[in-house]
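> Sharing a model prediction with you, sequence too.
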Amino acid sequence: MGVVTSRGTTQPATLTAARVKQGVAELTAADERLAAAIERVGPCTLVPRAEGTHFDHLARAIVYQQLSGSAASTIYGRFVAQCGDGVAPTPQLILSHDEPRLRACGLSNAKTLAIRDLAKHVVDGRLPLDRVKQMSDEAIIESLVQVRGVGRWTAQMFLMFRLWRPDVLPVLDLGVRKGARQIYRMRQLPEADRLEKVAKRWRPWATIASWYCWRVLDLEDKGGW
């Protein structure tokens, strides 16, 4: 799926409100079990996280890794206050601070090194965040996983929730696996290869289908699926 620009070049498609509706309709027609989940959950309310910059989005993702929401929010607030004077710091500003300054915000040593490595990749051009709109999903993932502390899952979340790419399948995401198990009445959590097979019916709207897998778990919390 791609979009032809005014210059005649093709760049990867992104979701829009109209494409989300189209995707939900096509998924409903293509997969009876997923259609039942869609009916129970209701309209897809997936929206991109458009605030801030791509760099800020990724730095925030690193800060939030393996922390509760409240703890991560507190540390991120200190990070912005102490390293950006109240504004999300740029890569250049990050690199102007030494590691003790970053750790003083509450960041672990690993996260300090990861955020500095992210900044270095952006500054030297190894991670061309200014050109990600023109890059394929896999090219973006390949660039991101070169950064310390950024794995494939984090890269896929960037594609789904920042760039709003329509066909991302996070096969290792526990929530997607649990949701798929509920929808398809599986005895065990699907491994990556089995989820890939199921998701053949989700293409080219795997992002939307994954969102419904997450939302099915919300239904389970409210009394079962």
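Thanks, I have it.
> Show me how this structure divides into domains.
Domains of the chain are assigned by automatic domain parsing as 8-48+168-221, 54-162.
> Dump those domains to JSON lines, plus mean pLDDT.
Shown next, in JSON lines, are the domains of the chain (pLDDT from 0 to 100):
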{"stretch": "domain 8-48+168-221", "mean pLDDT": "94"}
{"stretch": "domain 54-162", "mean pLDDT": "95"}
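> Mind putting the ones you listed into a markdown table with mean neighbour count?
Where you see a C-beta, it was placed from the backbone N, CA and C, and this is true even at glycine. A markdown table is the format used below for those (neighbours: other CB atoms under 10 Å):
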| stretch | mean neighbour count |
| --- | --- |
| domain 8-48+168-221 | 17 |
| domain 54-162 | 17 |
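> which residues does the residue nearest the centre of the chain contact?
In the chain, the centroid-proximal residue (CA atoms, centre = their mean) is Met157; its distance is 1.1 Å. Listed by CB atoms under 8 Å, 6 or more residues apart in numbering, the contact partners of Met157 are Ala61, Pro170.
> ok, 10 Å please
If you count contacts by CB atoms under 10 Å, 6 or more residues apart in numbering, Met157 has them with Arg49, His57, Leu58, Ala61, Val168, Pro170, Asp173.
> Kindly check the end-to-end length of stretch 77-91 for me.
Using CA to CA, to the nearest Å, the end-to-end distance of stretch 77-91 comes to 17 Å.
> swap that for stretch 156-165, please
9 Å.
> Repeat that for stretch 161-171.
End-to-end for stretch 161-171, by CA to CA: 16 Å.
> quick one, helices of the chain?
Using DSSP state H, the helices found in the chain span residues 17-30, 32-41, 54-64, 69-84, 91-96, 99-103, 109-123, 137-144, 152-157, 174-183, 192-198, 206-221.
> Show me the contact partners of the fourth one.
The set of residues external to helix 69-84 that reach it, using CB under 10 Å, 6+ apart, is 56, 59-68, 86-90, 93-94, 96-97, 101-102, 104-108, 111, 115.
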